[in-house]
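S.K.: From the sequence below, what's the structure:
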Amino acid sequence: TISISHFHLSMDTPLLVTQIPITTEELHIFYRIERELFCFLIFKLHYEVTQSLLVMALWLWLEKIGYHNLVHKVAVLQGTLINALVSEALTCLQFLERDDPPIPIGGGLPLTKMLMKKNISLEMFTLKRYTAITGIKIALNNTCARVFNDVLQIALKRKIIIETRGFTTSRTHAHNTTLILPGFPHPLFGSFDLVPRIENIGLSHESIWIQKKPYDDATNDDKSLFLTFSRGFPVSEMEVRYLFNTNYGDCVQSLIMGGNHVKNDQPLFAIMVLKMVEIVDQILSGKRVAKLHINGKHIWARKYEPRP
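M.R.: Below is the predicted model of the structure:
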């Protein structure tokens, strides 16, 4: 088995993907700082497991989009400063859940901005809401689920033991209990599965490595908009494609027009899959619903939310 020490362990440096297996231990070495910080949040600062997981996923996503070595810069700070940065991260996550929240003067993230020596504002989490949600969701499932798996198992089992202390439930029973991460399925980030312990992972398992772009694993649902049209003002598929491809570049991946085609009824809605999740935010511009026009006819666009 090849040792992870053969690689330059920088989060900014692409790795050559090979078929040589890597052990779980070596994976943990590669993500040592991330794991230490995650443990610090749970066991020293006493944040809830789910809160800590979401904060780490947020920071990993920010690293992907240009806030390089954010986790490493946070990890070397004193506990009081880390606590303050976690508070800012939780505010970012809360902004993703709110409709049109007011942006504080200065952007609301002074410590993160100072630490990174780079502009960052809560406004980004309004204007790039769905881009952020998708990026954090990918970080959760592709990186956190594997890198923090053993820590999550320990933290959740410890929580079960503490909660059942004084009752008849024993440590053995707690050990055999199916572990459920509180708050999941999450209203924004969906499901999160604790993966079984894996002794060897192929380096071809690209989802844990940094050479992938932040949104390569975005699903069609992540990239979809739900469009509605006014009755009596029929809009054709060609008009819809022309409107979006003209204003946002060659962005339409697929388009399904809704309506009773047998009766030749006017389509009143459509589901449009875009080629990139970033285009969703460009179209919505921080709003829940965007109003567009084509040939004097209205089109309303909002994020497509699949039914459970």
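S.K.: same for the helix or strand harbouring residue 91, what does it pack against?
M.R.: Per DSSP states H and E, residue 91 falls inside helix 79-97. Secondary-structure packing of helix 79-97 (3 or more C-beta pairs under 8 Å, 6 or more residues apart in numbering; DSSP states H and E): helix 49-64, helix 70-75, helix 110-116, helix 124-127, helix 129-138. The C-beta positions use only the backbone N, C-alpha and C, and glycine is treated the same way.
S.K.: Which of these sits closest to residue 157?
M.R.: Closest to residue 157 of the helices and strands packed on helix 79-97 is helix 49-64 (C-beta to C-beta; 10.9 Å).
S.K.: Now for this protein, the helix or strand with the poorest mean pLDDT.
M.R.: Least confident helix or strand, the chain: helix 171-176 with a mean of 44, by mean pLDDT, DSSP states H and E.
S.K.: Please enumerate the strands of the stretch 101-250 of the chain.
M.R.: For the stretch 101-250 of the chain, strands defined by DSSP state E, counting those that start in this stretch occupy the ranges 200-202, 224-229.
S.K.: any idea of the mean pLDDT in the shortest one?
M.R.: What that stands for is strand 200-202. For strand 200-202, the mean pLDDT works out to 50.
S.K.: cool, the longest one as well?
M.R.: On average, the pLDDT along strand 224-229 is 98.
S.K.: Could you export that strand as CSV, keeping only the C-alpha atoms?
M.R.: Output of strand 224-229 as CSV, limited to C-alpha atoms (Å, rounded to 0.1, in the frame of the first residue of the first chain):
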residue,chain,number,x,y,z
SER,A,224,-33.3,22.6,-11.9
LEU,A,225,-35.8,25.5,-12.1
PHE,A,226,-39.6,25.3,-12.1
LEU,A,227,-41.1,27.6,-14.6
THR,A,228,-44.7,28.8,-14.8
PHE,A,229,-46.6,30.6,-17.6
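S.K.: Just the pLDDT for residue 18.
M.R.: The model's pLDDT for residue 18 equals 47.
S.K.: check contacts around the residue nearest the centre of the chain.
M.R.: When C-alpha atoms, centre = their mean is applied to the chain, the residue found nearest the centroid is residue 136 (1.6 Å). With contact set as C-beta atoms under 8 Å, 6 or more residues apart in numbering, residue 136 has these partners: 54, 57-58, 61, 189.
S.K.: Buried by neighbour count, from those residues: which ones?
M.R.: Those of the contacts of residue 136 that meet the buried threshold are 54, 57-58, 61, 189, by 16 or more other C-beta atoms under 10 Å.
S.K.: ok, so of those residues, who is nearest residue 23?
M.R.: Among the buried ones among the contacts of residue 136, and counting by C-beta to C-beta, the member closest to residue 23 is residue 57, at 23.8 Å.
S.K.: Double-check the closest one against residue 134; I have them as touching.
M.R.: No. Assessed by C-beta atoms under 8 Å, residue 57 is found out of contact with residue 134, at 11.5 Å.
S.K.: dump the residue contacts of residue 100.
M.R.: Here residue 100 is in contact with 126, 286-287 (criterion: C-beta under 8 Å, 6+ apart).
S.K.: Quick check on those: which are buried?
M.R.: For the contacts of residue 100, buried by 16+ other C-beta under 10 Å: residue 126.
S.K.: now the contacts of residue 100 as TSV including distance to residue 268 and pLDDT?
M.R.: As requested, these are exported to TSV (distance: C-beta to C-beta, whole Å; pLDDT from 0 to 100):
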residue	distance to residue 268	pLDDT
126	29	95
286	26	93
287	21	93
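S.K.: Between the contacts of residue 100, which sits nearest residue 267?
M.R.: residue 287 (23.2 Å).
S.K.: give me the element that closest one is part of.
M.R.: Using DSSP H and E, no helix or strand contains residue 287.
S.K.: Ignoring the adjacent residues along the chain, who's closest to it?
M.R.: Nearest non-adjacent residue to residue 287, counting by C-beta to C-beta, 6 or more residues apart in numbering: residue 100, 7.4 Å away.
S.K.: And that neighbour, how close does it get to residue 232?
M.R.: 31 Å (C-beta to C-beta, to the nearest Å).
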